[in-house]
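Chemist: using only what follows, build the 3D model:
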Amino acid sequence: MNQLFFLACSVCFGDPNSQMTKGAMLGVFFLLGLVIFVLGAIASVAVTWSRRARKLYKHE
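Modeler: Numbering: from 1, shown residues only. Here you go, the predicted model:
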């Protein structure tokens with residue numbers, strides 16, 4: 001898909017050097033990092049449970 005389709009126009013986006021725009025972009029990156037962290041934590045719990053279940057099955 002065309003990447004220009006996803007870019008905001010200058011009226012919607014505002015001045016790229018303004019403090020509001022920089023703060024909004026930092027907020028987006030923070031929330032993206034938070035989502036990645038939570039999904040990684042869920043995946044690590046799933047892997048841990050899988051390993052424990054496999055170990056329990058071998059002992060039986």
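Chemist: mean confidence score for the lengthiest helix in the chain?
Modeler: Longest helix in the chain by number of residues (criterion: DSSP state H): helix 19-59. Helix 19-59 shows an average pLDDT of 93 in the prediction.
Chemist: got the contact list for L39?
Modeler: For L39, no contacting residues are found, by C-beta atoms under 8 Å, 6 or more residues apart in numbering. Yep, even glycine has a C-beta here, placed from its N, CA and C like the rest.
Chemist: now do it against V47, distance only.
Modeler: With distances taken as C-beta to C-beta, to the nearest Å, L39 is found 13 Å from V47.
Chemist: quick one: neighbours of N17, just the number.
Modeler: Neighbour count of N17, defined by other C-beta atoms under 10 Å: 7.
Chemist: tell me the SS of it?
Modeler: coil (DSSP: H, G, I helix; E, B strand; the rest coil).
Chemist: for it, phi and psi?
Modeler: As for N17, its main-chain torsions (degrees, to the nearest 10) stand at phi -100, psi 0.
Chemist: that one and G27: what is the separation?
Modeler: Counting by C-beta to C-beta, the gap from N17 to G27 is 17 Å.
Chemist: before we move on, what about R52?
Modeler: According to C-beta to C-beta, R52 and G27 sit 38 Å apart.
Chemist: repeat for V35
Modeler: 13 Å.
Chemist: again, but for G33
Modeler: From G33 across to G27, the span is 11 Å (C-beta to C-beta).
Chemist: mind listing what F30 touches?
Modeler: Residues in contact with F30 (C-beta under 8 Å, 6+ apart): none are found.
Chemist: ditto for G14
Modeler: Remark: with contacts taken as C-beta under 8 Å, 6+ apart, G14 is in contact with 20-21.
Chemist: same check on L31?
Modeler: Contacts for L31 (C-beta under 8 Å, 6+ apart) come out as none.
Chemist: and the pLDDT for D15?
Modeler: D15 is assigned 78 on the pLDDT scale.
Chemist: dihedrals phi and psi, S18?
Modeler: The phi/psi pair for S18 (degrees, to the nearest 10) reads phi -80, psi 160.
Chemist: and it, how far is that from A24?
Modeler: With distances taken as C-beta to C-beta, S18 is found 9 Å from A24.
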